[in-house]
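1. build me a model:
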Amino acid sequence: MAIVNDILDYSKIEAGKVSFENVEMDIGSIAGNVVKGLQELAQEKNINLRLKTDPHLQSMLKGDPTRTSQVLTNLVHNAIKFTQAGFVELSIDIKDQTENTVALKIQVQDTGIGISEEKRKVIFERFTQADSSTSRSFGGTGLGLSICKRLLELQNSSLELISEEGKGSVFYFVQTFEKSFKTIEHENISDTIKKEAERPLTGVNILLVEDNPMNVLVAKSFLNRWGATVDVASNGLEALNIVEPARHHLILIDIQMPVMDGDEATRKMRGNGVTLPIIALTANLPDEIKERVEKTGMDDILVKPFLPDELYRKVVLYLLKNKSTEEDLFNKC
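-> As a prediction, this is how the structure comes out:
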């Protein structure tokens, strides 16, 4: 699936079908979630995976959180893959800023196998790795760096490399973001762990409608960890048969599914008088399907792969709008 997704992603970029969001985001939180998500992989190899963010970065920024997460995940995962001992560090530093914009230097440094000077020219090409033995030893398609490079170029940035064979590599880029003038709420990884331990969604019942077992596993794991009870339907027709407005508080529904897709299922639910908040799960960018979702009767969109904090915020937002749970959740959250 990872290989197919890489190929589809690159094909979409080459065909000029990629568009970018320009929404408020906390880049420090995005980086924290990337590091947290890859921490177990690093620990398996006894690699010290760490994150450093500039303490002077106080503003929320405007950008594309999904694509930013994709680039950082690709770079950090690559660094872990090619590092046998030592560390991998993701750092974010302010390079320059004005009243309205900030230029960030985002860097991933490792103590891995490094890349020779002659190979540095080709590693950003599609389906290319530094050596013919690389795919046998480490796996991969040779598309990850190409995708990162093209995504950054489309956002007026450039992926650069400093490396010495046998001593490690530094991949970095400088990207300018518009400030949103909203101060960052410093919810770091330890805050997230604390939040999960408090189980703030205890007593909440969510209907998850999703046909992909991996997506079900990820969403259900986080929701259960926060205390929610999750009922799962594998398609829209099954969801219609098990939804109970008296029991469920919210519905998370995939748009594309076999038997009955999310659009049709939502229309039928609304036609049957179901007024529960319904959040669409989709791999599309919100701008691409916003009008379609509104016409269907869904309340909001959550882009896959989603960040845990983004899932949490969306769920809590719509639960607080549900008068039957507002008072209890306000006290917990």
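2. quick one: list the elements packing against the longest strand seen in the chain.
-> Criterion DSSP state E: the longest strand present in the chain is strand 168-183. With contacts defined as 3 or more Cβ pairs under 8 Å, 6 or more residues apart in numbering; DSSP states H and E, strand 168-183 has these neighbours: strand 59-63, helix 65-81, strand 101-110, helix 144-153, strand 160-164. (C-beta placed from N, C-alpha, C; glycine too.)
3. can I get the third one in PDB, CA atoms only?
-> If I follow you right, that is strand 101-110. C-alpha atoms of strand 101-110 as PDB (Å, rounded to 0.1, in the frame of the first residue of the first chain):
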ATOM      1  CA  THR A 101       5.800  36.400   7.600                       C
ATOM      2  CA  VAL A 102       8.300  34.000   9.100                       C
ATOM      3  CA  ALA A 103      11.000  32.000   7.200                       C
ATOM      4  CA  LEU A 104      11.700  28.700   8.900                       C
ATOM      5  CA  LYS A 105      14.700  26.400   8.400                       C
ATOM      6  CA  ILE A 106      13.500  22.900   8.900                       C
ATOM      7  CA  GLN A 107      16.200  20.300   9.100                       C
ATOM      8  CA  VAL A 108      16.500  16.500   9.600                       C
ATOM      9  CA  GLN A 109      20.000  15.400  10.700                       C
ATOM     10  CA  ASP A 110      21.200  11.800  11.100                       C
END
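4. got the contact list for it?
-> Under the contact criterion Cβ atoms under 8 Å, 6 or more residues apart in numbering, strand 101-110 has outside partners 27, 54, 57, 59, 61, 72, 75-76, 78-80, 82-83, 86-97, 168-179.
5. out of these, which end up buried?
-> For the contacts of strand 101-110, a burial check counting by 16 or more other Cβ atoms under 10 Å picks out 27, 57, 59, 61, 72, 75-76, 78-80, 82-83, 86-93, 97, 168-177, 179.
6. related to what we said a few turns ago, would you list the helices and strands packed on strand 168-183 in JSON lines and tack on mean pLDDT?
-> Below are those laid out as JSON lines (pLDDT from 0 to 100):
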{"stretch": "strand 59-63", "mean pLDDT": "90"}
{"stretch": "helix 65-81", "mean pLDDT": "90"}
{"stretch": "strand 101-110", "mean pLDDT": "96"}
{"stretch": "helix 144-153", "mean pLDDT": "86"}
{"stretch": "strand 160-164", "mean pLDDT": "91"}
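7. need those in JSON lines with distance to F20, can you?
-> Rendered in JSON lines, the data for the helices and strands packed on strand 168-183 read as follows (distance: least, Cβ to Cβ, whole Å):
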{"stretch": "strand 59-63", "distance to F20": "8"}
{"stretch": "helix 65-81", "distance to F20": "6"}
{"stretch": "strand 101-110", "distance to F20": "16"}
{"stretch": "helix 144-153", "distance to F20": "9"}
{"stretch": "strand 160-164", "distance to F20": "21"}
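8. S221 is nearest to which of the ones you listed?
-> Closest approach to S221 among those (Cβ to Cβ): helix 65-81, 18.0 Å.
9. what angle sits between the closest one and strand 59-63?
-> 100 degrees (axes from the mean of the first three to the mean of the last three Cα atoms, to 10 degrees).
10. right, and the helix or strand after helix 65-81?
-> strand 87-97 (DSSP states H and E).
11. now name the helix or strand holding Q43.
-> Judged by DSSP H and E, Q43 forms part of helix 27-44.
12. buried set for whatever helix or strand comes next after that helix?
-> Sequence order places strand 48-53 as the next helix or strand after helix 27-44, per DSSP H and E. For strand 48-53, a neighbour-count test (16+ other Cβ under 10 Å) marks L49, L51, T53 as buried.
13. packing partners for strand 48-53?
-> Using 3+ Cβ pairs under 8 Å, 6+ apart, the elements in contact with strand 48-53 are helix 27-44, strand 87-97.
14. check the offset of the last one from the chain's centre.
-> With Cα atoms, centre = their mean, to the nearest Å as the basis, the distance from the averaged C-alpha position of strand 87-97 to the chain average is 19 Å.
15. got a list of contacts for it?
-> Outside strand 87-97, the residues touching it (Cβ under 8 Å, 6+ apart) are 27-28, 31, 34-35, 42, 47-54, 56-57, 72, 75-76, 79-80, 102-112, 174, 179.
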